[in-house]
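1. Here is my input, please return the structure:
(one chain, ligands or ions: 2)
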Amino acid sequence: RKPVTVPNLHAMKAEGRKIVMLTAYDASFATQLEIAGVDVALVGDSLGMVVQGQRSTLPVTLDQMVYHTGMVARGLSATLLVADMPFMADRNVDYALEAGARLVGEAGAAMVKIEGAAPHILESIHALTERAIPVCAHLGLTPQSVHKFGGYKVQGREHEAAERVLSEALAVQQAGANILVLEGVPTPLGERVTKALDIPVIGIGAGPHCDGQVLVIYDMLGITPGKRPKFSKDFLAGRGSVQEAIAAYVADVRSGAFPAAEHGYN
Ligand code: KIV
Ligand code: NA
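-> Ligands and ions are numbered 1, 2, ... in the order given. A predicted model of the protein is given here:
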């Protein structure tokens with residue numbers, strides 16, 4: 001398999017080929033993603049919840065992200081590796097550049113993901129991409145804003161809020177973001193943002209019209225404690241191995257079978 005690159009992802013959007021993204025937090029799972037032909041691996045700060053057992057992603061540190069990103073990088077070869085900027089690593093442009101340098105230079109990521117579209121975030125996206133560190137923006141239900149939102153709530157339901165998400169999406173693209181993760185928004189808004197942007201939009205709980213999909217691997221293996229999120233699906237159910245489950249996820253995203261209407265918000 002040829003290495004997946006940022007230009008490849010743009011070509012996939014142009015050609016209408018769905019992008020498959022999945023989280024991984026260690027080398028063994030990274031190898032499973034690699035074998036299944038996942039396009040993009042994400043070391044998400046969701047590791048705070050699913051690996052560390054925290055209540056939110058906020059306690060995750062940059063050192064921990066560097067540690068996990070290094071482990072995942074060693075399990076991959078062709079899969080493009082994206083690493084999350086943890087909470088407050090993007091407090092200003094200098095911090096964001098330092099964090100980007102560590103996640104890419106030290107740990108081996110090919111791209112960093114940053115939540116939001118506040119002025120200092122737009123500046124950081126610009127500063128990172130100017131220094132050849134590709135950026136994945138992240139909008140909608142951004143988990144690092146849980147206290148601001150008052151919980152993990154679908155974003156962009158009202159007209160004004162939907163317009164805000166759309167204008168933020170245009171702003172992160174304008175700032176230089178290479179791709180966008182759009183999380184927890186109604187299906188029609190997912191479609192609008194995807195059509196409005198030139199850069200690929202990867203959805204999670206954003207409906208079937210996005211250019212690709214991402215899930216937390218423990219959710220799609222059905223081993224995340226508690227209730228399965230509405231937007232996810234247990235791909236291990238009825239299958240014999242983790243490898244088969246990931247292969248089914250890859251096939252269903254590529255064919256458009258996942259996500260179905262029931263996984264979206266209206
Ligand atoms: O941390 C994470 O896993 C994420 C994805 C859910 C997009 O940010
Ligand atoms: Na995250």
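
2. how many other residues sit next to the closest residue in space to residue 84 that isn't next to it in sequence?
-> Leaving aside its chain neighbours, residue 84 sits nearest to residue 45 (4.3 Å; criterion: CB to CB, 6 or more residues apart in numbering). Quick note: C-beta positions are derived from backbone N, CA and C, even for glycine. Other residues near residue 45 come to 28 when the count uses other CB atoms under 10 Å.

3. pLDDT score for whichever residue of the stretch 1-150 of the chain sits closest to ligand 1?
-> Using CB to the nearest ligand atom, the single residue of the stretch 1-150 of the chain nearest to ligand 1 is residue 44, 2.1 Å away. Reported pLDDT at residue 44 in the predicted model: 98.

4. a strand runs through residue 42, doesn't it?
-> Yes - when DSSP: H, G, I helix; E, B strand; the rest coil is applied, residue 42 is found to be in a strand.

5. hang on, it packs against residue 20?
-> No - contact criterion CB atoms under 8 Å: residue 42 and residue 20 do not qualify, at 11.1 Å.

6. Show me which of these two is the more surrounded one.
-> Taking neighbours as other CB under 10 Å, residue 42 and residue 20 compare with residue 42 leading, 30 against 27.

7. average model confidence for the longest helix anywhere in the chain?
-> Ranked by residue count, the top helix of the chain under DSSP state H comes out as helix 159-175. Mean pLDDT, helix 159-175: 98.

8. Let me see the ranges of the strands in the stretch 1-150 of the chain.
-> Applying DSSP state E, counting those that start in this stretch to the stretch 1-150 of the chain gives strands spanning 19-23, 40-43, 80-84, 111-115, 135-140.

9. which regions of the stretch 151-266 of the chain lie under the pLDDT threshold?
-> Along the stretch 151-266 of the chain, no part satisfies pLDDT under 70.

10. Tell me which stretches of it form strands.
-> 179-183, 201-204, 212-215.

11. Pick the most buried one from those strands.
-> strand 201-204 (a mean of 29; mean count of other CB atoms under 10 Å).

12. Can I get that strand in PDB? Just the C-alpha atoms.
-> The C-alpha trace of strand 201-204 is given here as PDB (Å, rounded to 0.1, in the frame of the first residue of the first chain):
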ATOM      1  CA  VAL A 201     -14.800  17.000   6.000                       C
ATOM      2  CA  ILE A 202     -14.600  13.900   8.200                       C
ATOM      3  CA  GLY A 203     -17.700  13.400  10.200                       C
ATOM      4  CA  ILE A 204     -18.500  11.700  13.600                       C
END
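
13. Save the strands of the stretch 151-266 of the chain as JSON lines, and put in distance to residue 245 too.
-> Below are those laid out as JSON lines (distance: least, CB to CB, whole Å):
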{"stretch": "strand 179-183", "distance to residue 245": "22"}
{"stretch": "strand 201-204", "distance to residue 245": "17"}
{"stretch": "strand 212-215", "distance to residue 245": "11"}
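
14. looking at the strands of the stretch 1-150 of the chain, which is closest to ligand 2?
-> The closest of the strands of the stretch 1-150 of the chain to ligand 2 is strand 80-84. By CB to the ion, the value is 4.4 Å.

15. What ranges does the stretch 101-250 of the chain have for its helices?
-> According to DSSP state H, counting those that start in this stretch, the stretch 101-250 of the chain carries its helices in the segments 119-130, 146-149, 159-175, 187-196, 217-220, 242-255.

16. residue ranges with poor pLDDT in the stretch 1-150 of the chain?
-> For the stretch 1-150 of the chain, no range has pLDDT under 70.
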